[in-house]
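In: how would this look folded up:
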Amino acid sequence: MAEKEELTLRIGVLAIQGAFFEHRASLLRAKKALSCEILVELEILDIRIPEQLNGLDGLILPGGESTTMSIFLKSNNFEEVLKEWVRSRVNNRVVWGTCAGLILLSNEIEGQKIGGQTKVSAF
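Out: Just a heads-up that it's a prediction; the model follows:
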């Protein structure tokens, strides 16, 4: 019997506000249920500072309050680093946003309130 190929995936969850715990828990449940032809080691990381983006294969921007997230990102010099990380095509990175996270990833926002969230993406 041939040995299974091994693969390690490092997935970050932006853990500054919102449903980051629920996303982490869902990833852990998916890891337990995972059945595939290769052995996948899933490393799940809470991302709170820009340096933690280094070496990630994927990033989840969770639901929450998009204006609060945007203010946090701006005030902690995280916004531009995150934008560059999302735009980068290095190693087939994957980014997934739900609710507020999807708003942060959007290219256009209709009815944006003054002082509200900014766009992380520029696809």
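In: Could you use CA atoms for every contact and neighbour count after this?
Out: Will do.
In: For the helix ranked longest in the chain, which helices and strands make contact with it?
Out: For the chain, the longest helix by residue count, based on DSSP state H, is helix 20-33. Contacts defined by 3 or more C-alpha pairs under 8 Å, 6 or more residues apart in numbering; DSSP states H and E place helix 20-33 against strand 6-14, strand 39-47.
In: make it 10 Å
Out: Helices and strands touching helix 20-33, by 3 or more C-alpha pairs under 10 Å, 6 or more residues apart in numbering; DSSP states H and E, are strand 6-14, strand 39-47, strand 58-61.
In: Looking at those, which one is packed in the most?
Out: strand 58-61 (a mean of 23; mean count of other C-alpha atoms under 10 Å).
In: contacting residues around that one?
Out: 9-20, 23-24, 44-47, 53, 69, 85-86, 91-105 (C-alpha atoms under 10 Å, 6 or more residues apart in numbering).
In: Just the buried ones among the residues you listed, please.
Out: 10-20, 23-24, 44-47, 53, 69, 85-86, 93, 95, 97-105 (16 or more other C-alpha atoms under 10 Å).
In: low-confidence ranges in the protein?
Out: 1-4, 36-37, 109, 111-123 (pLDDT under 70).
In: how about 80 then?
Out: Confidence mapping of the chain against pLDDT under 80 gives the ranges 1-5, 34-40, 89-91, 107-123.
In: can you pull up the bridge partners for the residue nearest to residue 53 when sequence neighbours are not counted?
Out: If you skip the residues right next to it in sequence, residue 53 has residue 47 as its closest partner in space, 7.0 Å away by C-alpha to C-alpha, 6 or more residues apart in numbering. When bridges are called by DSSP bridges, residue 47 pairs up with residue 14.
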